[in-house]
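1. Build me a model from this:
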Amino acid sequence: GRRSSHGASLRSPHVSQSPREIDLVRRRNRHGTPMIRSNVNYSKPPRNADPARRHSSAMRALLAFGQSVWLDDLKRRMTRSGELANLIAKGLRGMTSNPSIFEHAIASGTDYDEDISRLIQSYPADRDVFEALAIEDVREAADVFRPVFEETRGADGFVSIEVSPALARDTQGSIAAARRLWHAVDRPNVMVKIPGTREGWPAIERCLTEGININITLLFSVEHYREVAEAYMRALEARLKSGQSIDRLASVASMFVSRIDSEVDRRLEGAGAASAALRGSVAIANARLTYAAFQEITHSDRWRALAKGGARVQRPLWASTGTKNPNYSDVRYVESLIGEDTITTIPPATLSAFEDHGTIERTLPGSPGETADVMAALAKRGIDFADVNRTLEDEAIQKFNTSLGNILGALARKRSAFESLLSRPPSGNA
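-> Model (predicted):
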């Protein structure tokens, strides 16, 4: 496999680059199609080149920079209509789900009604009905992604399913739920999402040690990123020590982005013109510091020893990339975090916008000095980023719990309606 810059042997999820590439220039002929200038020789993409000019989609162009795109969405209709297969053909490499995503999929519309009417006869608890629906959706999506998983030798092609947000502060409950979901879905290209809370750290390590692929979610700070990176390495070392393989174990660390700016910008309101430059910049700075920590870890002797045993890097995954502030570019958080050995999870609307007008160039690691200056300026203005982290973590857990409650409420209403229909006497009877 390809050797990365930090010594890890990677079964690359990225497209290979031919010594000879074509350069799609942005001129168009009278029919509106791109004109092609050939014979442009690139051994690899120049730092500021736009690979979208040489690839059929922005997703494939990002692969040329070492970044995989995962879709932040999952609906049964996507897997059964061929929509997901079409996105994969354009370069999509994975998919994530969470309670909010399932809320939109299940609580509205009728796509799930047939299965709900069947499941309520087997499961008296609505929570179990929801879990059965989610497992089936994730299993179906994983099967569609299976060729990607095989072609990349297990580097990409993953679908994520999350433990209940009610377990975010429950270590043992998270471990039990992750085990149950892992065995229920029963696909090698699935990741179980566990929040990166303090209570989640030992659960993450335990599950990884047992060979369960883990997507660590709800990360908002570099400090918490380092904790879960440490958990991953300890799990790898424990498996090696016990004679177990590590070359098929996969994990990603999901750092949330746009929510940070939403919270920091709120705290900067009324701080005067001197704080204006900080608005919309802290989330990207925090993510770039995370990437710097990732590079530091994967350049270490400790990591190199694990890489020799076949370990895969725990890629940073940029989550919450949809822009929430209408004053900012709708592709800001995708464009600003493009770099090798990363994943960007993109909601459908942001993906469409990025395919339409996103600028594709390497933007990681960025300037270390400028990144540090942003965080120092934030502290100078009296904003405690550790408190920002705690606030966002609590809000995210509450949001997902609310979504779960809405799902269960919708299922309860559907259960009542179906049971009412079943209890009615056949029409025409006296």
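2. Which other helices and strands does the strand or helix carrying residue 217 contact?
-> For residue 217, the host element (DSSP states H and E) is strand 214-219. With contacts taken as 3 or more C-beta pairs under 8 Å, 6 or more residues apart in numbering; DSSP states H and E, strand 214-219 sits against strand 158-162, strand 190-195, helix 200-209, helix 222-241, strand 251-256, helix 385-423. Where C-beta positions appear, they are placed from N, C-alpha and C, glycine not excepted.
3. Quick check: which of these is buried the most?
-> Ranked by mean neighbour count, the helices and strands packed on strand 214-219 are led by strand 158-162 with a mean of 29 (mean count of other C-beta atoms under 10 Å).
4. average pLDDT across whichever helix or strand comes after that one?
-> On the C-terminal side of strand 158-162, the closest following helix or strand by DSSP H and E is helix 171-185. The predicted model assigns helix 171-185 a mean pLDDT of 98.
5. got a list of contacts for helix 171-185?
-> 131, 135, 138-139, 142, 161, 163-164, 167-168, 190, 192, 194-195, 199-200, 202-203, 206-207, 210, 212-214 (C-beta atoms under 8 Å, 6 or more residues apart in numbering).
6. how about a cut-off of 6 Å?
-> The contact list for helix 171-185 (C-beta atoms under 6 Å, 6 or more residues apart in numbering) reads 135, 138-139, 161, 163, 167, 192, 194, 199, 202-203, 206-207, 212.
7. one step back: averaging pLDDT over each of the helices and strands packed on strand 214-219, which comes out lowest?
-> helix 385-423 - the lowest mean pLDDT of those, at a mean of 91.
8. what distance separates it from the middle of the whole chain?
-> 21 Å (C-alpha atoms, centre = their mean, to the nearest Å).
9. From the contact counts, what lies against it?
-> helix 99-107, helix 126-151, helix 258-268 (3 or more C-beta pairs under 6 Å, 6 or more residues apart in numbering; DSSP states H and E).
10. Can I get those in JSON lines including distance to residue 175 and mean pLDDT?
-> Shown next, in JSON lines, are the helices and strands packed on helix 385-423 (distance: least, C-beta to C-beta, whole Å; pLDDT from 0 to 100):
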{"stretch": "helix 99-107", "distance to residue 175": "19", "mean pLDDT": "86"}
{"stretch": "helix 126-151", "distance to residue 175": "16", "mean pLDDT": "96"}
{"stretch": "helix 258-268", "distance to residue 175": "27", "mean pLDDT": "95"}
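11. Any chance of TSV for those, columns distance to residue 66 and mean neighbour count?
-> Shown next, in TSV, are the helices and strands packed on helix 385-423 (distance: least, C-beta to C-beta, whole Å; neighbours: other C-beta atoms under 10 Å):
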stretch	distance to residue 66	mean neighbour count
helix 99-107	26	21
helix 126-151	16	19
helix 258-268	22	20
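12. Nearest to residue 310, out of the ones you listed?
-> Ranking the helices and strands packed on helix 385-423 by their distance to residue 310 (criterion: C-beta to C-beta) puts helix 126-151 first, at 16.8 Å.
13. Next, the angle helix 171-185 makes with that closest one.
-> With axes from the mean of the first three to the mean of the last three C-alpha atoms, to 10 degrees as the basis, helix 126-151 and helix 171-185 are set at 60 degrees to each other.
14. Would you mind pulling up the elements that helix 126-151 packs against?
-> Packed next to helix 126-151, using 3+ C-beta pairs under 6 Å, 6+ apart, are helix 76-81, strand 158-162, helix 171-185, helix 385-423.
15. Including distance to residue 98, could the ones you listed go into a markdown table?
-> Listed next are the helices and strands packed on helix 126-151 as a markdown table, based on distance: least, C-beta to C-beta, whole Å:
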| stretch | distance to residue 98 |
| --- | --- |
| helix 76-81 | 16 |
| strand 158-162 | 5 |
| helix 171-185 | 13 |
| helix 385-423 | 6 |
